[in-house]
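Colleague: Provided below for reference: sequence and predicted model.
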Amino acid sequence: MIIVIGGTYLFVRGKAEESGQAALGGKEIMVYKTPTCGCCGAFISYLKKKDVAVKMENVANLDAVKRQYGVPSELSSCHTSIIDGYVVEGHIPLEAIEKLLSERPNIKGIALPGMPSGTPGMPGPKFEKWDIRSFTDDGTVGTFTTI
């Protein structure tokens, strides 16, 4: 019985680890963060545990990075990521990033403003649904998905 459970665990675990990189098409995500941000490091660890290729750069002026990539100030969070030409702002779950890359909408990026409890990299339980926002080059903001 233990062997079957162990075998099942390895099978399921292997599929879960495989899904992150497969769904992202082998693309690397670049995460810009400040050197002192602990939850940003936890977000990076979350992605790596999902078998996502991550590159990270500590920056002294994260606001300059956000301006460079056109992140609206009202959608700001503690780190800014770039993957395949899209901006991913904040503690966004992998399923939203997968959706972004599979659907390839005509937007600049997606954001989860602030630092909501229970999101990848943030401590605490999930208290509410997360409204993942979309934004475009012209400043239009909408709902991308709700998780």
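Modeller: Structure received. Numbers count the residues shown, from 1 in each chain.

Colleague: in this structure, which spans are helices?
Modeller: Secondary structure of the chain, counting by DSSP state H: helices at 2-23, 38-49, 62-68, 94-103.

Colleague: count of neighbours near the closest residue in space to Ile147 that isn't next to it in sequence?
Modeller: Among residues not flanking Ile147 along the chain, Trp130 sits closest, at 4.9 Å (CB to CB, 6 or more residues apart in numbering). For glycine as for every other residue, the C-beta is placed from the backbone atoms N, C-alpha and C. Using other CB atoms under 10 Å, Trp130 is surrounded by 20 other residues.

Colleague: How about the one 10 residues further on?
Modeller: By the measure other CB under 10 Å, the count of residues near Thr140 is 11.

Colleague: Report pLDDT for it.
Modeller: Note on Thr140: pLDDT of 95.

Colleague: What separation do you get for it and Ala64?
Modeller: To Ala64, Thr140 is 23 Å away according to CB to CB, to the nearest Å.

Colleague: any idea which residue sits dead centre in the protein?
Modeller: Nearest to the geometric centre of the chain sits Ile92, at 3.7 Å (CA atoms, centre = their mean).

Colleague: Touching, that one and Pro120? I think so.
Modeller: Yes. Under the criterion of CB atoms under 8 Å, Ile92 makes contact with Pro120 at 7.3 Å.

Colleague: ok so, going back, I'd assumed Glu95 was in contact with the residue nearest to Ile147.
Modeller: No. Taking contacts as CB under 8 Å, Trp130 lies outside contact range of Glu95: 10.5 Å.

Colleague: Show me what the nearest residue to Val71 once chain neighbours are set aside bridges to in the sheet.
Modeller: Nearest residue to Val71, sequence neighbours excluded (CB to CB, 6+ apart): Glu89, at 5.2 Å. For Glu89, the beta-bridge partners are Thr80, Ala111 (DSSP bridges).
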